[in-house]
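A.B. asks: missing the sequence, but the structure's below:
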């Protein structure tokens, strides 16, 4: 679709400013167009200009590389060092969530970076959207940072807003706490109750959709996956799952 654009971009990437680098990577990632030569060129240009890059562009670049499964460790290390130098100051909650998600997706464990993300996220936890809660919790659990103080902060802030979560958010958050062995966290009880209510309500209206935990909408294929993810989390955390299983799984 982009014709000769990737080849031209590879040639000119060294002239790109930080925002152009980030925007180009974001566009290709959003369209799921992996182009290794282009991303190699973008990485080299980004590393050279890393000190000039804004927080949003740092996180968007990391997100783009992770979305296309490009494990560019020199770039990730440069992004992490820059974030640590800035102490994640002025990082928005989306920047924090995107950065954590990107590093976890690429299985790149960086303790000092996640400590910085945690500290900043706790300060701004009231600004988190449901998707930020789920993605950030998932990232910390994925890299085995389950003992980080951010997860209890997420728990206390997410519980009053549990009805705002979509199916993916419920599943990711439940998985994160169960995987981290936070077995007695009250957030898991809140997720279990909310998921059961949604599934039961949806099945009552249309039995063919009984796997859905989407709030206020018909099920999509991913809802089935997220329902089973939530079920697994309840089982791992030793929650009573019999009633949940009845409404979650077709006979």
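C.D. replies: Thanks, I have the structure now. Just so it is clear, the structure is predicted and the values come from calculations on it, not from any experiment. Numbering: from 1, shown residues only.
A.B. asks: neighbours of residue 106, how many?
C.D. replies: 18 (other Cβ atoms under 10 Å). To be clear about C-beta, it is placed using only N, CA and C from the backbone, and glycine gets the same treatment.
A.B. asks: actually, residue 98.
C.D. replies: Residue 98 - counted by other Cβ under 10 Å - has 26 other residues nearby.
A.B. asks: so residue 34 makes contact with residue 28?
C.D. replies: Yes: judged on Cβ atoms under 8 Å, residue 34 makes contact with residue 28 at a distance of 7.5 Å.
A.B. asks: and the helix with the most length in the chain, what does it pack against?
C.D. replies: Of all the segments of type helix in the chain, defined by DSSP state H, the longest one is helix 186-205. Using 3 or more Cβ pairs under 8 Å, 6 or more residues apart in numbering; DSSP states H and E as the contact test, the elements touching helix 186-205 are helix 150-158, helix 167-179, helix 221-236, helix 242-248.
A.B. asks: so what sits against both of residue 34 and residue 28?
C.D. replies: residue 68 (Cβ atoms under 8 Å, 6 or more residues apart in numbering).
A.B. asks: so for these two, which sits in the more crowded spot?
C.D. replies: Of the pair residue 34 and residue 28, residue 28 is the one with more neighbours under other Cβ under 10 Å, namely 22 against 13.
A.B. asks: would you mind measuring from the closest residue to the more buried one other than its chain neighbours to residue 71?
C.D. replies: The shortest distance from residue 28 to any non-neighbouring residue, by Cβ to Cβ, 6 or more residues apart in numbering, is to residue 35 (6.2 Å). Per Cβ to Cβ, to the nearest Å, residue 35 is found 15 Å from residue 71.
A.B. asks: between the two, who's got more neighbours?
C.D. replies: More crowded of residue 35 and residue 71, by other Cβ under 10 Å: residue 35, with 18 against 12.
A.B. asks: tell me the phi and psi of the more buried one?
C.D. replies: Per-residue torsions, residue 35: phi -140, psi 100 (degrees, to the nearest 10).
A.B. asks: measure stretch 134-151 end to end?
C.D. replies: In stretch 134-151, first residue to last residue: 10 Å (Cα to Cα, to the nearest Å).
A.B. asks: where does this protein dip in pLDDT?
C.D. replies: 1-8, 183-184, 202-251 (pLDDT under 70).
A.B. asks: kindly recompute the last result at 80.
C.D. replies: Residue ranges of the chain with pLDDT under 80: 1-13, 146-147, 181-185, 199-251.
A.B. asks: show me the domain layout of it.
C.D. replies: Segmentation of the chain into domains, based on automatic domain parsing, reads 1-127, 151-251.
A.B. asks: mind listing the helices for the stretch 51-200 of the chain?
C.D. replies: 55-67, 73-85, 93-105, 111-123, 130-142, 150-158, 167-179, 186-205 (DSSP state H, counting those that start in this stretch).
A.B. asks: in TSV, list those along with distance to residue 16.
C.D. replies: Formatted as TSV, those follow (distance: least, Cβ to Cβ, whole Å):
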stretch	distance to residue 16
helix 55-67	11
helix 73-85	14
helix 93-105	20
helix 111-123	24
helix 130-142	28
helix 150-158	34
helix 167-179	33
helix 186-205	43
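A.B. asks: any idea which of those gets closest to residue 15?
C.D. replies: Closest approach to residue 15 among the helices of the stretch 51-200 of the chain (Cβ to Cβ): helix 55-67, 16.3 Å.
A.B. asks: tell me what that closest one is packed against?
C.D. replies: helix 18-30, helix 36-48, helix 73-85, helix 93-105.
A.B. asks: can you rerun that using 6 Å?
C.D. replies: For helix 55-67, the packing partners by 3 or more Cβ pairs under 6 Å, 6 or more residues apart in numbering; DSSP states H and E come out as helix 18-30, helix 93-105.
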